[in-house]
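Q: I'll drop the sequence and a predicted model, then ask my questions.
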Amino acid sequence: TSLTLLLIFLRNQQENKSSPTLDNFIRSDNFGKINFNINVPERNNVMESVFNNEEAFTLDKSSDSVVNIWARYNDIKELFPEEILKPETLTHFIYWLIAKVQLIEIVAYSDDEAYTIFETMNDRGLSLTPVDMLKGFILANITDSEKREEAAKIWKEQMLLLKTEISETAEQEFFRDWFRAKYAQTIRQSKAGAERQDFEKMAGEFHRWFRESINELNLTNSSSFYDFVAVKLKFYVKVYIKISNASLTMVDGLKPVCYASFTEMPHLKIMLLSPVEETDDETTINTKLNTVAKFNEIIFMKRTWNGRNTTDAGYRSTAFSILKRMRDLDVDELTALAYVECSRPELGNFDVAGQAPPIMNQQNKRKIYRILARITDFLEIMNDRPSIYLSLFESGRQGYEIEHILANNNISLESLGFADNQDFQI
């Protein structure tokens, strides 16, 4: 593609496009139909535009490949040395390019070989991502050409959904979270020098883990690879988008997910995905998501109230152990497990005799704010007012700060039952 763009640029600089001719290196006549030698239908419009030396091209809703072609052609226009563009020099350069540059043809004799080559070579001018290599491996294992083409179409549609509904990086995050939620069996120990396990491998190189784990995933034939895309992928993309949307705003029927997401408990999306199965209907899915969300919010409240860690480093192993046990449970089993985990004595409670509430400091101020915001919102709702939870997290001049319930101005501390000013501040 890069060489074709360079040839088109050189052709567009020629005063007399017939000598030396470059057209046959760029396009060919196939029984009266003119096609580009690299004939990819989705690229034809942008290739026509650069071939005709047009100054503008509409890139709205274009694929990454089309955007990249237009950008690289303009790079060539901008960076090509001006001294070579002189007519006499340009002609010599074109002859040299035609005579000296050689192309090596790599032939793949099977689809499997073609997708293997795809993993190491790329004609889009884009860096291959773990998602690309995962796709290549899965499609290579679908032997029915029609099924493979259909799977490729489904894959493209689902990745576009993730990008448009969530973010440009969502496809990578989706596979990481999905695989961790449903398939991770091991996690790295916290001691120094410990080896990376499933959980860590899925963070960035999930395509390698996938290739090594096809037996554990019951991917034994062409049909199973097709079903992985046509059934599992489609289902979990839908659930992942549901979770992501409910994490950002109050969605009817999924408000606990929003509350839980604002606690910033680590690996929440993974734990939310863990119990959900392809056979679940919408009501069951929502019930499972709400159960896990409420569980995470209670754990956050208890750990914060009793001075326990809620960061990734302090909660990682515990969270992984719980999500493994939540995996594929039905609603009753999930509820029972959540109740047991929330009731563990080591978590403490909110009314332990002789235990004072947490004292706010720089380390826990953000967490205390979330507890107070949740209480404030609860009181608003119980008084038949609309939820104000999201507005409590607005920044800037409209933002909120934690304030004392009692103002510190011309009051008798002793009359209010405080021993001294330090007692009052606490």
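A: Looks like it arrived, so ask away.
Q: pLDDT on stretch 103-110, on average?
A: Stretch 103-110 shows an average pLDDT of 76 in the prediction.
Q: okay, it in PDB with CA atoms only?
A: C-alpha atoms of stretch 103-110 as PDB (Å, rounded to 0.1, in the frame of the first residue of the first chain):
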ATOM      1  CA  LEU A 103       8.800  -7.000  -4.500                       C
ATOM      2  CA  ILE A 104       8.900 -10.400  -2.800                       C
ATOM      3  CA  GLU A 105       5.700 -12.500  -3.200                       C
ATOM      4  CA  ILE A 106       4.800 -14.700  -0.200                       C
ATOM      5  CA  VAL A 107       2.300 -17.400  -1.100                       C
ATOM      6  CA  ALA A 108       0.000 -19.100   1.400                       C
ATOM      7  CA  TYR A 109      -1.300 -22.400   0.300                       C
ATOM      8  CA  SER A 110      -4.000 -22.700   2.900                       C
END
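Q: quick check: Y226 is in a helix.
A: Yes: secondary structure of Y226 (DSSP: H, G, I helix; E, B strand; the rest coil): part of a helix.
Q: which helices and strands does whichever strand or helix holds A336 pack with?
A: Under the criterion of DSSP states H and E, A336 resides in helix 331-342. Packed against helix 331-342 by the contact rule (3 or more CB pairs under 8 Å, 6 or more residues apart in numbering; DSSP states H and E) you find helix 282-305, helix 312-326. For the C-beta atoms, the positions are set from N, CA and C on the backbone; glycine is no exception.
Q: ranking those helices by burial, who's on top?
A: Looking across the helices and strands packed on helix 331-342 with neighbours counted as mean count of other CB atoms under 10 Å, the highest average goes to helix 282-305: a mean of 20.
Q: what about D252, distance to L233?
A: 27 Å (CB to CB, to the nearest Å).
Q: out of the two, which sits in the busier spot?
A: Comparing D252 with L233 by other CB atoms under 10 Å, the one with more neighbours is L233, at 20 against 7.
Q: got a list of what that one touches?
A: I154, W155, Q158 (CB atoms under 8 Å, 6 or more residues apart in numbering).
Q: what about the first one, how many neighbours?
A: So that's I154. Neighbours around I154, by other CB under 10 Å: 17.
Q: how near is it to I142?
A: Per CB to CB, I154 is found 11 Å from I142.
Q: name the spans of the protein whose pLDDT lies under the cut-off.
A: 17-18, 110-127, 348, 350-356, 395-399, 402-418, 420-426 (pLDDT under 70).
Q: just the strands in it please.
A: For the chain, the strands defined by DSSP state E occupy 27-30, 33-36.
Q: could I get these as JSON lines with mean neighbour count and distance to A194?
A: Listed next are the strands of the chain as JSON lines, based on neighbours: other CB atoms under 10 Å; distance: least, CB to CB, whole Å:
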{"stretch": "strand 27-30", "mean neighbour count": "13", "distance to A194": "58"}
{"stretch": "strand 33-36", "mean neighbour count": "11", "distance to A194": "53"}
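Q: make TSV out of the ones you listed and add distance to I69.
A: Below are the strands of the chain laid out as TSV (distance: least, CB to CB, whole Å):
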stretch	distance to I69
strand 27-30	15
strand 33-36	11
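Q: quick check: which of the ones you listed is nearest to A338?
A: Nearest of the strands of the chain to A338, taken as CB to CB: strand 33-36 at 58.6 Å.
Q: then the closest one to PDB, C-alphas only?
A: Output of strand 33-36 as PDB, limited to C-alpha atoms (Å, rounded to 0.1, in the frame of the first residue of the first chain):
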ATOM      1  CA  LYS A  33     -13.000  -2.800 -15.900                       C
ATOM      2  CA  ILE A  34     -10.300  -0.600 -14.300                       C
ATOM      3  CA  ASN A  35      -9.300  -1.700 -10.800                       C
ATOM      4  CA  PHE A  36      -6.500  -0.800  -8.500                       C
END
